[in-house]
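1. quick one: sequence plus predicted model below, questions after.
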Amino acid sequence: MSITELLNNYKNSFNKRTESFVKECVSYGMTESDAKKYAKQKIASGVNVKNIPTIDTTKQRTVSTQLKERFAYAGSWKDIGEHFLDPEQIDLLVKKPKFKKWIKSMRENWENSAPWLYSDDKLSVISVSNENDGGFTLLVWIDETKEPEVWRYSGQCEQKFSDLFHWLQWLNSYSVL
């Protein structure tokens with residue numbers, strides 16, 4: 001299976017994921033119509049990307065094979081609770097004071113988190129699930145010759161994936177629960 005196939009599967013599971021999302025929201029007291037307002041999918045055309053910004057705003061990383069395929073498939077992609085960022089959006093996000101504060105807090109307080117272990121030039125943001133509560137997915141550029149790892153943060157939870165392929169595989173399996 002390729003990155004493109006995983007992205008197609010994720011895109012095509014939108015209606016099923018929407019049903020689950022609405023059902024969960026209703027169980028917490030939200031009306032069905034209000035929940036459906038949040039269940040939107042907006043996919044921008046693919047883009048040819050050579051470099052991706054890092055948290056160090058003076059440095060960029062050469063896009064890996066998997067990331068090149070991901071960006072060729074879609075630039076920005078908003079999907080219910082996930083916002084896959086394009087390089088311009090990444091660049092804007094990492095300059096925001098709130099994001100900088102989140103990284104600083106993790107660096108100082110969350111042992112063995114990506115910001116604790118790695119310098120800003122080894123970290124890029126790939127998606128946002130909740131900007132207000134620190135819901136970000138980071139690329140961790142550990143080895144220049146390999147695909148970056150993907151570390152997902154949501155609240156006080158951390159999940160690590162060996163690369164973009166495995167993260168997308170997880171998103172697909174998670175989306176059908």
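-> Structure received.

2. alpha carbons only for contacts and neighbour counts from here, please
-> Fine.

3. relative to Glu82, how far out is Gly29?
-> Gly29 sits 22 Å away from Glu82, going by CA to CA, to the nearest Å.

4. tell me which of these two has more neighbours.
-> Glu82 (16 against 9; other CA atoms under 10 Å).

5. just the pLDDT for that one.
-> We have a pLDDT of 88 for Glu82.

6. and if you look at Leu117?
-> 96.

7. separation between it and Asp91?
-> Leu117 is 22 Å from Asp91, by CA to CA.

8. mind listing the helices for the chain?
-> For the chain, the helices defined by DSSP state H occupy 3-12, 14-27, 32-38, 65-73, 87-94, 97-109, 114-117, 164-175.

9. show me where pLDDT drops low in this protein?
-> 132, 174-177 (pLDDT under 70).

10. can you point out the buried residues in the longest strand belonging to the chain?
-> Ranked by residue count under DSSP state E, the longest strand found in the chain is strand 123-130. The neighbour-count criterion (16 or more other CA atoms under 10 Å) identifies Leu123, Ser124, Val125, Ile126, Ser127, Val128, Ser129 as the buried residues of strand 123-130.
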